[in-house]
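Peer 1: Sharing a model that was predicted from the sequence below.
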Amino acid sequence: MLKRLSIIVVLGILIVACNGVKRPEKPDNLISKAQMTDLLYDLYVMNAAKGVNRSSLEKNDLDPEFYILKKHNVDSARFAESNSYYAFDTEGYKEIVDNVKERLELEKERYEDVRQLETDSIKRRRDSIAKKRRTPKESNVKTNAIDTADVKTSKPKGS
């Protein structure tokens, strides 16, 4: 009984506390949705790179987030304010994130297409090399067969 009462009290406090959340004011220097999409796209790509090759980033003393913000000419405070503003409107933020996701998927498809072309090209080169390696052997076999036939059919001199 006490456990149920404490759960109800905690939930009641949470409901009352969440009611007072106000929408953040629109920042004077709000990042446009298009620029925010580009920025988040670059941040996601950089995070993936950081996960794949962290040692390379550390060796070059590169702070990925700082690099991306600098690339887009945005400081961290402006990004935080704009991100909070957009995040409060879940539908608007979902639109931005969906655009980022769509771009990432397109890049993934493009990468896979290029990778497939490279793989096919490598296979063709290997087949071509293998064919060139086989051709002289086959030619030698045919030449040897012709030479042997000539030897058998030719009459010795002086007969």
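Peer 2: Nice, I can see it.
Peer 1: and the most centrally placed residue in the chain, what helix or strand is that in?
Peer 2: Ranked by distance to the mean C-alpha position of the chain (Cα atoms, centre = their mean), the top residue is residue 108 at 5.5 Å. Counting by DSSP states H and E, the element that carries residue 108 is helix 90-153.
Peer 1: on that earlier part again, any idea of the pLDDT on the residue nearest to the centre of the chain?
Peer 2: Residue 108 is assigned 86 on the pLDDT scale.
Peer 1: any idea how far it lies from residue 101?
Peer 2: Between residue 108 and residue 101 the computed distance is 10 Å (Cβ to Cβ, to the nearest Å). Where C-beta positions appear, they are placed from N, C-alpha and C, glycine not excepted.
Peer 1: What of residue 57?
Peer 2: From residue 57 to residue 101 the distance is 24 Å (Cβ to Cβ).
Peer 1: ok, now residue 87?
Peer 2: Distance, residue 87 to residue 101, using Cβ to Cβ: 16 Å.
Peer 1: where in the protein is pLDDT low?
Peer 2: For the chain, the stretches with pLDDT under 70 are 1-6, 9, 11-21, 135-159.
Peer 1: now with 90?
Peer 2: With pLDDT under 90 as the threshold, the chain has low-confidence stretches at 1-28, 43-69, 76, 83-93, 104, 107-159.
Peer 1: now what about stretch 30-42, what contacts it?
Peer 2: Here stretch 30-42 makes contact (Cβ atoms under 8 Å, 6 or more residues apart in numbering) with 68-69, 71-72, 74, 78-79, 81-83, 85-86, 92, 95-97, 99-100, 103-104.
Peer 1: same thing but at 10 Å, please
Peer 2: Around stretch 30-42, the neighbours that count as contacts under Cβ atoms under 10 Å, 6 or more residues apart in numbering are 64-65, 67-69, 71-74, 78-79, 81-83, 85-86, 92-93, 95-104, 107.
Peer 1: and if you look at stretch 68-78?
Peer 2: Contacts for stretch 68-78 (Cβ under 10 Å, 6+ apart): 27-31, 35-36, 38-47, 63, 65-66, 79, 81-82.
Peer 1: Apply 7 Å and report the result again.
Peer 2: 29, 31, 35, 38-39, 42-43, 46, 79 (Cβ atoms under 7 Å, 6 or more residues apart in numbering).
Peer 1: returning to what we had before: quick one: buried ones out of the contacts of stretch 30-42?
Peer 2: Neighbour counting over those (16 or more other Cβ atoms under 10 Å) leaves 64, 68-69, 72, 74, 78-79, 81-83, 85-86, 93, 96-97, 99-100, 103 as the buried ones.
Peer 1: Thanks a lot, catch you later.
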